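Student: Here is a sequence together with a model predicted from it:
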Amino acid sequence: MKVAVLGETSPDESRVAIVPSTVREMAKAGLEITVVAGAGIGSHYPDEEYREAGATVAPDAASALQGAAIVLKVQPPTAEEVAQLPSGCRLVSLLSPLTNADLVESLANADVTAFALELIPRISRAQSMDVLSSQATVAGYKAVLMGADELSKFLPMFMTAAGTIRPGKALVLGAGVAGLQAIATAKRLGARVEAFDVRVAVKEQVESLGAKFLETEDEVTAEGEGGYAKELSEEQHQRELELIADHIKDADLVITTAQIPGRPAPLLITEEMVDSMRPGSVIVDLASESGGNCAVTEMATTVVRNGVKVIGPVNLPGDVPVHASQMFSKNVVTFLKEMLDEGELTLDFENEVIDATCVSHGGEVRK
Amino acid sequence: MKVAVLGETSPDESRVAIVPSTVREMAKAGLEITVVAGAGIGSHYPDEEYREAGATVAPDAASALQGAAIVLKVQPPTAEEVAQLPSGCRLVSLLSPLTNADLVESLANADVTAFALELIPRISRAQSMDVLSSQATVAGYKAVLMGADELSKFLPMFMTAAGTIRPGKALVLGAGVAGLQAIATAKRLGARVEAFDVRVAVKEQVESLGAKFLETEDEVTAEGEGGYAKELSEEQHQRELELIADHIKDADLVITTAQIPGRPAPLLITEEMVDSMRPGSVIVDLASESGGNCAVTEMATTVVRNGVKVIGPVNLPGDVPVHASQMFSKNVVTFLKEMLDEGELTLDFENEVIDATCVSHGGEVRK
Amino acid sequence: MDLSFLFDLTYLVSATLFVVGLKRLQSPATARQGNALAALAMLVAIVATLVENDVLSWTGILIGMTVGSLIGALAARMVKMTDMPQMVGIFNAFGGGASALVAGAEFVRIQQMGAPMATSTGLSIGLGSLIGAVTFTGSFVAFGKLQGLISGNPITFPLQKTFNALLFLAALALGAGLSGAFALGGLTPLTVFMVFIGISLLLGALLVIPIGGADMPVVISLLNSYSGLAAAAAGFVVGNMVLIISGALVGAAGLILTIAMCKAMNRSLANVAFGTFGGESATAQVASGDKPVRSIDAEQAAMVLAYAQSVVVVPGYGLAVAQAQHELRKVMEILEERGVDVKYAIHPVAGRMPGHMNVLLAEADVPYDKLFDLDEINDDFQRTDVVLVVGANDVVNPESRSPQSVIAGMPILDVDRAKNCIIMKRSLSPGFAGIDNPLFYLDGTMMFFGDAKVSMSDLAREVREA
Amino acid sequence: MDLSFLFDLTYLVSATLFVVGLKRLQSPATARQGNALAALAMLVAIVATLVENDVLSWTGILIGMTVGSLIGALAARMVKMTDMPQMVGIFNAFGGGASALVAGAEFVRIQQMGAPMATSTGLSIGLGSLIGAVTFTGSFVAFGKLQGLISGNPITFPLQKTFNALLFLAALALGAGLSGAFALGGLTPLTVFMVFIGISLLLGALLVIPIGGADMPVVISLLNSYSGLAAAAAGFVVGNMVLIISGALVGAAGLILTIAMCKAMNRSLANVAFGTFGGESATAQVASGDKPVRSIDAEQAAMVLAYAQSVVVVPGYGLAVAQAQHELRKVMEILEERGVDVKYAIHPVAGRMPGHMNVLLAEADVPYDKLFDLDEINDDFQRTDVVLVVGANDVVNPESRSPQSVIAGMPILDVDRAKNCIIMKRSLSPGFAGIDNPLFYLDGTMMFFGDAKVSMSDLAREVREA
Amino acid sequence: MGEMVVGLYVFVLAALAGSEVISKVPPTLHTPLMSGANAISGIAVIGALVISAQANTPIVQILGVVAIAMAMVNVVGGFMVTDRMLQMFKKK
Amino acid sequence: MGEMVVGLYVFVLAALAGSEVISKVPPTLHTPLMSGANAISGIAVIGALVISAQANTPIVQILGVVAIAMAMVNVVGGFMVTDRMLQMFKKK
Ligand SMILES: NC(=O)c1ccc[n+]([C@@H]2O[C@H](COP(=O)([O-])OP(=O)(O)OC[C@H]3O[C@@H](n4cnc5c(N)ncnc54)[C@H](OP(=O)(O)O)[C@@H]3O)[C@@H](O)[C@H]2O)c1
Ligand SMILES: NC(=O)c1ccc[n+]([C@@H]2O[C@H](COP(=O)([O-])OP(=O)(O)OC[C@H]3O[C@@H](n4cnc5c(N)ncnc54)[C@H](OP(=O)(O)O)[C@@H]3O)[C@@H](O)[C@H]2O)c1
Ligand SMILES: NC(=O)c1ccc[n+]([C@@H]2O[C@H](COP(=O)([O-])OP(=O)(O)OC[C@H]3O[C@@H](n4cnc5c(N)ncnc54)[C@H](O)[C@@H]3O)[C@@H](O)[C@H]2O)c1
Ligand SMILES: NC(=O)c1ccc[n+]([C@@H]2O[C@H](COP(=O)([O-])OP(=O)(O)OC[C@H]3O[C@@H](n4cnc5c(N)ncnc54)[C@H](O)[C@@H]3O)[C@@H](O)[C@H]2O)c1
């Protein structure tokens, strides 16, 4: 069975869906892998290594797609790419299905059975396919490194002959997968870390990393489904803002990660809060792609306001392409194995994972 | 007694010689401080804070210098600045005296008593004036953050549902003040760290940070004076290069800091060594200003060779201006106190520190 | 210096050997030797006794010794390891019985000689036979309960306490009568003595009957103490120092042991000793629903770990919550110094974020090369002596192998394949997935309850001393 | 039951109280109470003795008791804390003397009665007076050495060992003669006895004379053990159990203590006990050049720390070299649990790079708010009970205050102002600056030698148990 | 002093020594310790021997022999079982 | 059994108990312990009392009284000094 691994066409994307080490694993499972030439270059995996691992390197996407039963990608395909897909093939990739209904429609029309990796259910068994988790891990780590590098100050404490420098304070808003990783990384760098989230279970998790969980007098909670959060009531939101205003004043590094699936990111940092911070401080807004947690954030650029840098990074995992791709690839392979039975393709909608992720099949949009 | 704090004119320099918190300390010692407007902006110390601390803010350098007995700066003064200095005043600043004889000459001609902070002797008492140490500390920390941020990989180990990622390897060449700090920071970030230096005492120090010291079969040592190194013999250098070639192949992040006072930096990484590294790796060459430890290094830019980024940073401490200035300032104040006796200026050449640092006095070049 | 002085010295040596032998039982390293010393002490005492006394007839003595030794040796050889407690119980019965018989025989002898009995002798004989007889039947009942011959459940009947108390008073009264405290009406002393013995035997059985099977080890320990006292009483009867000394030793040792065991089981001594008057029962097991688990403390865990050859640590979210990483590393370092091979098995989703355990263990300076991921280590478990699970739950839950489970399909660390598994957590409550863990109820599993940081600190101390 | 039985029971109670009292001396928490119990035991024994015996004349007894008590109480009140060891020595002399006198008096009494003496009585009297007399003079010499009345240096003369050995043999021979083993020519037994006592007294002095002042505490402990034996011998002489028991207790306790002290000082018991035959001397002090330092071990350090109210830790480069940061944090945590106030004083240039200690302590998870820099903490030292310096040297070197020093002008942590200072390092070798450190030789300084990681581990164990 | 009192002294002292010695034993060794102490309590055999040796009538003689046999079961069985348990504690 | 043998038994047992009890004392308490044991060794006062009480001649009487005085110095001084030392160990 032929599996085509396409290269990414967006200039912002340096990852690749499959890395050479997983090619080997797939080959063992009986799949023939064809990789478009140069697909791995952005993440430092040369064609050479793919060949050594047993893949065929096709000169372009068209030849790679010829007769492919499965097509793998990182980012959602463009209209042209959709047009090129062989009818009846299966596409596994990120698809932003909640916000990109047109794409799903066009895939259905092209008779592609498409699987959106964002929709992997958060059940124990599917953890090893969960690309959102693996990529959020990368983002959380990277956000702190980027922020610390942009900072005009030290994060760790230093007691030296040239005076004592108190440890910097990092504030992490939203302690999901990315937020927890950010906490851990900031702790590693020696910062004092405070964090806030609207889900109650998070308090213990934050403390298990040695950080301080901020609490309001009245509870602010908004537990959603499947481990996600939902939007806060207006009153609760107000209380949350007050809490943050209180603690952001003396923060040196702020990392925000708050997201609500399918909704714009909640606003957690107002302009006044940014103004209350000391010049030289840094905010890294991981929610910038879905509107930002900070009022000042502009996607894909760094705004300096009053000496405070507000960074709105796009696709942070793409900045750590070697390992982000490796993890993505491992997730995809584990997912593929869900629909293989002794080397044969199956499509079992009883299977929770398959059912949840499949957005188009047999020319129909499934959800 | 009037002390003038000048702003830095070089665009690369964001530090300032005196920060508001030390203004207070100086005022207590009976000094009147005048700061040129905007001097602290680059390091996020607004004029406001200087005023609050008790300093006068002068509109420009000329008015600040009027009647000043002591003039403070970070970088060596430009020709114009030298021309502005009141005759008979004392200048305390970095002066690169070993490589910049002209400047010293011109200072002597202008009848300035100039003190080169680079020449602070490395004796116990003078540790709190040692700007080379304090700024090297900043550089070592910053180099790792910068390198880790540029890296296409993780440094720490991750055992996750998306596979296991082995910890990255950092190689630190030259384990002086900056190198040791780089080791500590890389360890903090979870890297496995190896280090090499030509001074024997360093082995224990490297190990005291939990890193591995690389050793050759035959000893490679070149202990210099005052804790510094001297140049290696050709044969020893060859042996060192072999050792490095052996260990650089699988290094993800390389930090080089090897320096020999008054001499160009030793070459430690050849082009072939760079080619032997995996794409996506990073080299940060802290010696770039004195010629670089890596053959590929170009000062002030990043060269990408074969997927390996070679960064040649300039003035790294200037990238952490808030704390770098604070430490610098603390050093300068402690130094000033050496030549104050009950609020009166003294010039005691019996004092080892004064003697060693004073490069021009009474119209004469002193060394 | 006459001969009797020599004999006395020999007995003194024997007594000292008993003390030294018991002392050696303090540590596993010297315990066997200690036992051997005690046995030697016994031999010395026996030989000295035989030489010292003018033996009227060797036949009986030789027969008694041979038969007894053979039975004892055979029983000791054949008993299964798991049946040890019962075996100790039954040996104890015989020891107690022997003391009672000695007292009885002396009583008969004195009666036959027709000599009047000194109060002190009467007292000794009374105490010896009372305690000996109680030990005899009590131990048999304990044996029966442990062996399953008698129901392990507490057996109670109405007015049990009152009845036992009356019996005890009756025995005391008869004993006092025998010692000459008051006249016994027309009955011959022998008859009275027989009744006295009968009551004592009944009392022994009745004292143990109402105690639950789980408390039996404590009961046996207590009866052991009694048999020591009985022997000491026998010593008073025949006027032999070595009997008095070793009897006192065993009596004190048994009592201390009983108290220690009660503490470990969270019972009061009175509760067990006067089980009659209490009649309640407890169980050493913490039960969830009806499934029993084995619960151990730091000392026991330390012993298991310190004498293992290979240990694998499975850290989980609870380690992070307790922030016990430093203590964990410390314990493992001590074990490594003792030559134990230590590895850490890191499950990919242990904790609450990817790489959680890495962050934690890096903080505690655990070297990277000791960390193994699921695929690398899963085959090792069956060759592992002890797995120490610290605050992990879901990632070691064998339930994931059953397709109906909510964690079905999640690969787990196969710790259930190891020989022993110690699990440190605070309770039997479930982990993230919210489901019960069958691992807790397996035979090889020992639960070490408590906050992981506290438990680990305790463990560090105990491991160092083990 | 007759009266004598009651007395015997009372003596038994007294003896048991002695044992319990000694047992309570095991821990600082109960030690005072233990001492009180022992005193009570003594009171009980004295009263019982007075009541039991038909006292012929109360005058002498009352005078003796009053005078002795007054002297003892006054001496105990007035002695300076630092003179305690001598005081114990001299008390001991009196105890030994009393035993010798008891034996002597009994000898005289028997002689006067003209009755023949039983071998066993002779043996008891001989041993009692020999050991008592040796204790008497030996203790006095030890006292003199400690008090500075006699030179603390070992005093030796040619053939010392041989002479002592001969003296000892002579005493034995005379003793045997007295016990009736052989005839004593024309001399009256009393004369022989006087000579015997004389030789014993001489022997006591000669045994102690050649031992160095540093070994005196061990000698006193050993003499203490002797005086116990003398009391036990006196017990045999007058046939009193409580004397035998408490004498044996003290004898054994003294011996065990002596052995423990020898171990701590790295001397063999034989070396001290038979100082005569050895005659060499050692010193408990590690000397650099001629300056002595006080060296302590983990147990002592633990006691000092555990009973402090405030402890400041001064980490230095040695902590990093030993990688003992985790162990350090552990020890401090245990102390904090015990209510000790713990701070860390970080010198700006401790270690080998700026912020070295920060990296190290952050790794071990020491909270930031426990770290204080030089300016913040220097004033606190004089209010600090114990400073624990771990592998630091230059940064606590008071030499920096003298302008000639190579480290002149470097601000230091003023640990010499604290009440006590424990310094952990491997030797007396200098630090980075290569100069000696006068701090090591101060009165309040205790050196705890060894690799910091090992020492700290030991300390953790001991602190937990302290 | 009477036999009885002497016995009492000895008894009390032995008990003190016994409890001191035992109080330091770790729980894992409790079972072997109990078993070892149990074997020692078979010391009643000495009493049985004394009685048998001096037996003046058949009934005393019989009682004595039975006592010997029972005590020996305790002694021999006890020490052997203890030894078996302790073998498990051997440090490799 | 003779007095002597009984004494020996008692002596040995007491010594065993004593060494067990002492072997657990930490070094810091060695000095007070030594001092406490030293006070106990003043038990010789009992012997002295017995002798004095039964003194049949002046010389024995005098020896006895001196012995009493000396022993009492040891007893009273010993216990008091020990107590003073132990006060320093009071846990706040
Ligand atoms: N790693 C990830 O990325 C990630 C993310 C989200 C969810 N998850 C899920 O989290 C779970 C991880 O499994 P796990 O085995 O590590 O943890 P777990 O299944 O959640 O179990 C943790 C156990 O630790 C015990 N515990 C808590 N605090 C303790 C303390 N102070 N001292 C001692 N024990 C303590 C708890 O039992 P007691 O209450 O009885 O003490 C609990 O049963 C998996 O189900 C995984 O799917 C993982
Ligand atoms: N912080 C900086 O930036 C910097 C940079 C360069 C130089 N310095 C200089 O370094 C010195 C720092 O002072 P310091 O007090 O931290 O250190 P130090 O004066 O160098 O003394 C360290 C002590 O630690 C002991 N030690 C070494 N290894 C040990 C081990 N494994 N276990 C126990 N003890 C051990 C050594 O004594 P033993 O050998 O007897 O064990 C040594 O005396 C200052 O002189 C400072 O000027 C500092
Ligand atoms: N298989 C599994 O069991 C599994 C896998 C992955 C994640 N999860 C769980 O899902 C959780 C959320 O995952 P995620 O990180 O992808 O979520 P996410 O990226 O959707 O959101 C990030 C965080 O922002 C928080 N947030 C939302 N609104 C907020 C507000 N107004 N203020 C502050 N915080 C706000 C959310 O609670 C969440 O923790 C994780 O914590 C994890 O426990 C479970
Ligand atoms: N007052 C004091 O005591 C004091 C103050 C500051 C620094 N120092 C000492 O001085 C030492 C050096 O200080 P620095 O960091 O400013 O030195 P530096 O910046 O001049 O050099 C950096 C390092 O490069 C090393 N190096 C030189 N040639 C090399 C080669 N061919 N290969 C590998 N490494 C080479 C040097 O040994 C040095 O460790 C420090 O380690 C410190 O111990 C002492």
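Tutor: Alright, I've got the coordinates. Numbers count the residues shown, from 1 in each chain, chains lettered A, B, ... in the order given. Ligands and ions are numbered 1, 2, ... in the order given.
Student: Might you report the residue contacts of A:A295?
Tutor: With contact set as C-beta atoms under 8 Å, 6 or more residues apart in numbering or on different chains, A:A295 has these partners: A:L267, A:I269, A:T270, A:E271, A:V274. No exception for glycine: its C-beta is placed from N, CA and C like everyone else's.
Student: got a winner among those for most neighbours?
Tutor: Most neighbours among these, by other C-beta atoms under 10 Å in any protein chain shown: A:I269, with 25 neighbours.
Student: my read: that residue touches A:V296, true?
Tutor: Yes. Between A:I269 and A:V296 there is a contact at 7.5 Å, judged by C-beta atoms under 8 Å.
Student: Residues in contact with both of these two, list them for me.
Tutor: With C-beta under 8 Å, 6+ apart, A:I269 and A:V296 have common neighbours A:I283.
Student: Let me know the helix or strand that E:V65 is in.
Tutor: helix E:58-72 (DSSP states H and E).
Student: List the buried residues in that helix.
Tutor: Applying a neighbour-count criterion of 16 or more other C-beta atoms under 10 Å in any protein chain shown, one finds E:60-72 buried in helix E:58-72.
Student: For it, what is the distance to the chain centroid?
Tutor: Distance, stretch centre to chain centre, for helix E:58-72: 17 Å (C-alpha atoms, centre = their mean, to the nearest Å).
Student: Check whether it comes near chain C.
Tutor: Yes. Helix E:58-72 lies within reach of chain C by C-beta under 8 Å from any C-beta of the partner chain, at E:59-72.
Student: And for C:I63, the neighbour number?
Tutor: C:I63 has 13 neighbours, counted by other C-beta under 10 Å.
Student: what kind of secondary structure is it in?
Tutor: helix (DSSP: H, G, I helix; E, B strand; the rest coil).
Student: where's it relative to E:V76, distance?
Tutor: Taking C-beta to C-beta, to the nearest Å as the measure, C:I63 falls 15 Å from E:V76.
Student: again, but for A:R305
Tutor: A:R305 is 91 Å from E:V76, by C-beta to C-beta.
Student: Those two: who's more crowded?
Tutor: It is E:V76, of A:R305 and E:V76, that has more neighbours when counted by other C-beta under 10 Å, with 26 against 16.
Student: correct me, but the more buried one touches C:G68?
Tutor: Yes. Look at E:V76 against C:G68 with C-beta under 8 Å: they come within range, at 6.9 Å.
Student: Out of the contacts of A:A295, flag the one nearest to C:I125.
Tutor: For those, the closest approach to C:I125 (C-beta to C-beta) belongs to A:I269, at 91.9 Å.
Student: Contacts only, for that closest one.
Tutor: So A:I269 contacts A:L173, A:I244, A:I248, A:V254, A:T256, A:I283, A:N293, A:C294, A:A295, A:V296 (C-beta under 8 Å, 6+ apart).
Student: What is the neighbour count of the closest residue to A:V198 other than its chain neighbours?
Tutor: Sequence neighbours aside, A:A222 is the residue nearest to A:V198 in space, at 4.5 Å (criterion: C-beta to C-beta, 6 or more residues apart in numbering or on different chains). By the criterion of other C-beta under 10 Å, A:A222 has 19 neighbours.
Student: Count the residues that sit near residue 37.
Tutor: Went with chain A since none was named. So A:A37, with other C-beta under 10 Å, has 16 neighbours.
Student: was after chain E, sorry
Tutor: 33.
Student: Name the helix or strand for it, please.
Tutor: Taking DSSP H and E as the criterion, E:A37 maps to helix E:30-41.
Student: does any bit of the following helix or strand past that helix sit next to chain C?
Tutor: Per DSSP H and E, the first helix or strand lying C-terminal to helix E:30-41 is helix E:44-53. Yes. Judged by C-beta under 8 Å from any C-beta, helix E:44-53 and chain C are in contact via E:A44, E:V45, E:I46, E:G47, E:A48, E:L49, E:V50, E:I51, E:S52, E:A53.
Student: Would you point out which residue of chain E is nearest chain C?
Tutor: Closest approach between chain E and chain C, counting by C-beta to the nearest C-beta: E:M72, at 2.6 Å.
Student: What subset of the contacts of A:I269 is buried?
Tutor: Neighbour-count burial (16+ other C-beta under 10 Å) applied to these gives A:L173, A:I244, A:I248, A:V254, A:T256, A:I283, A:N293, A:C294, A:V296.
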